[in-house]
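1. Just a sequence and a predicted model for now, questions to come.
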There are 2 protein chains.
Amino acid sequence: MEFHRIRYFLEVARTGNFSRAAEWANISQPSLSQQISKLEDEVGESLFVRARDGVTLSEFGKSFLPHAKAIMEEVESARDFVDRSGRQLVGPIRIGAIPTIAPYLLPDLLKKIAARYPSARFELFEETTDALIDRLRTGAIDFAVMSPPTKVDRDTEQLSLQHDELLLTLPKDHPLCNLKQIDLKQLKGERLVLLQEAHCLSRQSEGFCKASGLKADVTIRSSQIDTLLGMVELGLGFTFTPKMAVNYHKHRKVIFRSLKQKPYLRDICLYWMRRRTLTASQQAIVECLK
Amino acid sequence: MEFHRIRYFLEVARTGNFSRAAEWANISQPSLSQQISKLEDEVGESLFVRARDGVTLSEFGKSFLPHAKAIMEEVESARDFVDRSGRQLVGPIRIGAIPTIAPYLLPDLLKKIAARYPSARFELFEETTDALIDRLRTGAIDFAVMSPPTKVDRDTEQLSLQHDELLLTLPKDHPLCNLKQIDLKQLKGERLVLLQEAHCLSRQSEGFCKASGLKADVTIRSSQIDTLLGMVELGLGFTFTPKMAVNYHKHRKVIFRSLKQKPYLRDICLYWMRRRTLTASQQAIVECLK
DNA sequence: ACGTCGTATAGGTATAGCCTATATCTTAAA
DNA sequence: TTTAAGATATAGGCTATACCTATACGACGT
């Protein structure tokens, strides 16, 4: 009951002529004869009456015809579905991003994609790197926007979108603010306020300090940048803020300073699973962002 | 979009496990992996998300699932139909017979078949030999009951059912009725009344006369045996009647005489087309009557 | 570190679908 | 009657593919 035989059967039924049907089916007449024969063997009865003046459906063939048509219709319908989802995006594009990136980068990103695919719908997830990696693996999201280092599987693709500088963040009245250049070591003894450890920004900040020879004393951890800035304003410590977030926090009573002599840049990458084939959404976006 | 791949897809979707699905599908796990891969290539997207803890449908796979199920259902339905028609007769058994046989033989024949296949329905056609042969060829009937000689195609099968004697039929008061044995030649000069030429009984009767050295003078042709007997009763000529018809005409004022020294027997055969495969009806009947 | 479970890959085989060439019939034309 | 044309079926060969076994690979649990 293979599908191509059903197709051939319908062609012969339609044209009433093996040779003509073979042309429509894009195979040779003998091949078509063969396949009809096999279908007849399979169903156990003749489907056609071969007469000198063309081929007609046998009684059994007539009864079988609606079944064949029904199969054909369902296959057509499935094929249509496949075609449609190949051309236009079907289903939402599901994007995850870490919280320290999402609010600042995703709006632009989505705008860019929407400009190219007006019909695109989106579903956004803001979670920590590990959670996003898991969602990628289970297929719950199509993309994740995260910052290396990441413990992703080998079959994960990644595309660097941009670099973002981490800016030293001090209370506005901090004595170091007057200096042209600040060396991290000058902050020795100062307290550091950071995000929860699950956030990569906090790990990156700590790593940065350590690399600069500063043994920072993390006294407070919070889960939002906004909260951290409040702490800094009150002089409870210093922190690091992604540069892309600065515009959203201009009114705060803190200053953001680049460490010119040794700026700390973190990479922001787009991740997706390298599956057998990309989803249509994935192809579209990767294309769009490259 | 071949059917077996749809089947495999559904098995994997159901079990969420390639190895398990392969068992259900009665193929090896690598073969199944391969076929799923090919289906994925065909539709252009991954159908499953392969994770450590089993296989889940991808978003696209979820959307594709109902289509696959629909195809499967139609195929099942078609298969059911084929199976049903293999077991029990579907559609009527279409039997044709020549008019000089039909009323006398078909009732018995049908009764015999019906005894074995109580659900059988019948469609009967009474026509001349040539018309029946044509209907056989076009598949309009499954069987024809006729009397040789017949100009059938090479691919026509035939099974002798019985022999029927043609009885000389004379008016009750005919002088020859007193004789123990009648020789056809004694009818020299008598008129012969026969069916229309299209009826094989008439051709056979004429042939019989000729073979016996009697040049018969056919003055009247009619299309029914009943009418012929009326003619004979009125002394308008003699004729020949199939023995199997005699019981239905006992009350007529004619006598039926066997030509003992040289009885004329005509063969009554069942004909059907030897197609690639017999219809279920045909198989049933041939089996039943052999 | 090692075996287990699950999927993918590699390599080989047999079959099935396709092709061309040709046979077989039938009908129409010469 | 022969010939040509138009149809389907058969024969033989090629290729693609669906299948197999063996094995690799990766993740997990012991």
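-> Cool, the structure landed. Numbers count the residues shown, from 1 in each chain, chains lettered A, B, ... in the order given.

2. And the strand of greatest length in chain A, what does it pack against?
-> The longest strand of chain A (DSSP state E) is strand A:156-171. Strand A:156-171 sits against helix A:200-211, helix A:225-233, strand A:239-242, helix A:243-246, strand A:254-257, strand A:264-273, helix A:280-289, with contacts defined as 3 or more Cβ pairs under 8 Å, 6 or more residues apart in numbering or on different chains; DSSP states H and E. In this view, the C-beta of every residue, glycine as well, is placed from N, C-alpha and C.

3. for DNA strand D, what are the nearby residues on chain A?
-> Contact residues, chain A versus DNA strand D (Cβ under 7 Å from any atom of the strand): A:17-20, A:29-30, A:33-34, A:36-37, A:50, A:54-55, A:153-154.

4. If you go by neighbour count, which of the residues you listed are buried?
-> A:Phe18, A:Arg20, A:Ser33, A:Ile36, A:Arg50, A:Val55 (16 or more other Cβ atoms under 10 Å in any protein chain shown).

5. near chain B, which residues of the stretch 51-200 of chain A show up?
-> Contact residues (Cβ under 8 Å from any Cβ of the partner chain) of the stretch 51-200 of chain A with chain B: A:51, A:56, A:58-60, A:63-64, A:67-68, A:70-71, A:73-75, A:77-79, A:81-82, A:85-86, A:90-91, A:137-139.

6. So which of the residues you listed are in helices?
-> A:59-60, A:63-64, A:67-68, A:70-71, A:73-75, A:77-79, A:81-82, A:85-86, A:137 (DSSP state H).

7. Alpha carbons of the longest strand of chain A, as PDB, please.
-> C-alpha atoms of strand A:156-171 as PDB (Å, rounded to 0.1, in the frame of the first residue of the first chain):
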ATOM      1  CA  THR A 156      25.500  23.600  19.600                       C
ATOM      2  CA  GLU A 157      26.200  26.400  17.100                       C
ATOM      3  CA  GLN A 158      27.100  29.800  18.200                       C
ATOM      4  CA  LEU A 159      27.300  33.200  16.500                       C
ATOM      5  CA  SER A 160      28.900  36.200  18.100                       C
ATOM      6  CA  LEU A 161      26.500  39.100  17.900                       C
ATOM      7  CA  GLN A 162      28.600  41.900  19.600                       C
ATOM      8  CA  HIS A 163      30.900  42.600  22.500                       C
ATOM      9  CA  ASP A 164      29.700  44.500  25.500                       C
ATOM     10  CA  GLU A 165      32.000  46.200  28.000                       C
ATOM     11  CA  LEU A 166      31.500  45.800  31.700                       C
ATOM     12  CA  LEU A 167      31.800  49.200  33.400                       C
ATOM     13  CA  LEU A 168      33.000  49.800  36.900                       C
ATOM     14  CA  THR A 169      30.100  51.200  38.800                       C
ATOM     15  CA  LEU A 170      30.700  53.500  41.800                       C
ATOM     16  CA  PRO A 171      28.600  55.800  43.900                       C
END
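
8. Now do the buried residues in that strand.
-> A:Thr156, A:Gln158, A:Asp164, A:Glu165, A:Leu166, A:Leu167, A:Leu168, A:Thr169, A:Leu170, A:Pro171.

9. What distance do you get for the last one to chain B?
-> Distance check for A:Pro171 against chain B: by Cβ to the nearest Cβ, to the nearest Å, it reads 47 Å.

10. That residue and A:Glu233 touch, don't they?
-> Yes - A:Pro171 lies in contact with A:Glu233 (Cβ atoms under 8 Å); the separation is 5.9 Å.

11. Mind listing the shared neighbours of these two?
-> A:Lys253, A:Val254 (Cβ atoms under 8 Å, 6 or more residues apart in numbering or on different chains).

12. What count of nearby residues applies to A:Ser222?
-> Neighbours of A:Ser222 under the rule other Cβ atoms under 10 Å in any protein chain shown: 18.

13. can you pull the contacts of it?
-> Neighbours of A:Ser222 in contact, by Cβ under 8 Å, 6+ apart: A:Val193, A:Leu194, A:Leu195, A:Gln196, A:Leu228, A:Met231.

14. Quick check: beta-bridge partners of A:Met273?
-> Beta-bridge partners recorded for A:Met273 (DSSP bridges): A:Thr156.

15. quick one, what contacts it?
-> Contacts for A:Met273 (Cβ under 8 Å, 6+ apart) come out as A:Leu136, A:Arg137, A:Gly139, A:Asp153, A:Asp155, A:Thr156, A:Glu157.

16. same thing but 10 Å
-> Each residue near A:Met273 by Cβ atoms under 10 Å, 6 or more residues apart in numbering or on different chains is listed here: A:136-139, A:141-144, A:152-153, A:155-157, A:279, A:282, B:46, B:49-50.

17. quick check, nearest of the buried residues of strand A:156-171 to B:Pro107?
-> Nearest to B:Pro107 among the buried residues of strand A:156-171 is A:Thr156, at 81.0 Å by Cβ to Cβ.

18. Next one: the closest one from DNA strand D, what distance?
-> 10 Å (Cβ to the nearest atom of the strand, to the nearest Å).

19. I figured that residue hits A:Pro148, correct?
-> No - counting by Cβ atoms under 10 Å, A:Thr156 stays clear of A:Pro148, with 11.5 Å between them.

20. residues shared between the contacts of the two?
-> A:Tyr271.

21. Would you mind measuring from the closest residue to DNA strand D within chain A to chain B?
-> Of all residues in chain A, the one sitting closest to DNA strand D is A:Pro30 (2.9 Å; Cβ to the nearest atom of the strand). A:Pro30 sits 16 Å away from chain B, going by Cβ to the nearest Cβ.

22. Contact partners for that residue?
-> A:Phe18, A:Ala22.

23. So among the residues of the stretch 51-200 of chain A next to chain B, which ones count as buried?
-> The buried subset of these - by 16+ other Cβ under 10 Å - is A:56, A:58-60, A:63-64, A:67-68, A:70-71, A:74-75, A:78, A:81-82, A:85, A:90-91, A:137, A:139.

24. Need the winner for burial among the helices and strands packed on strand A:156-171.
-> With neighbours taken as mean count of other Cβ atoms under 10 Å in any protein chain shown, those reach their highest mean count in strand A:239-242, at a mean of 24.
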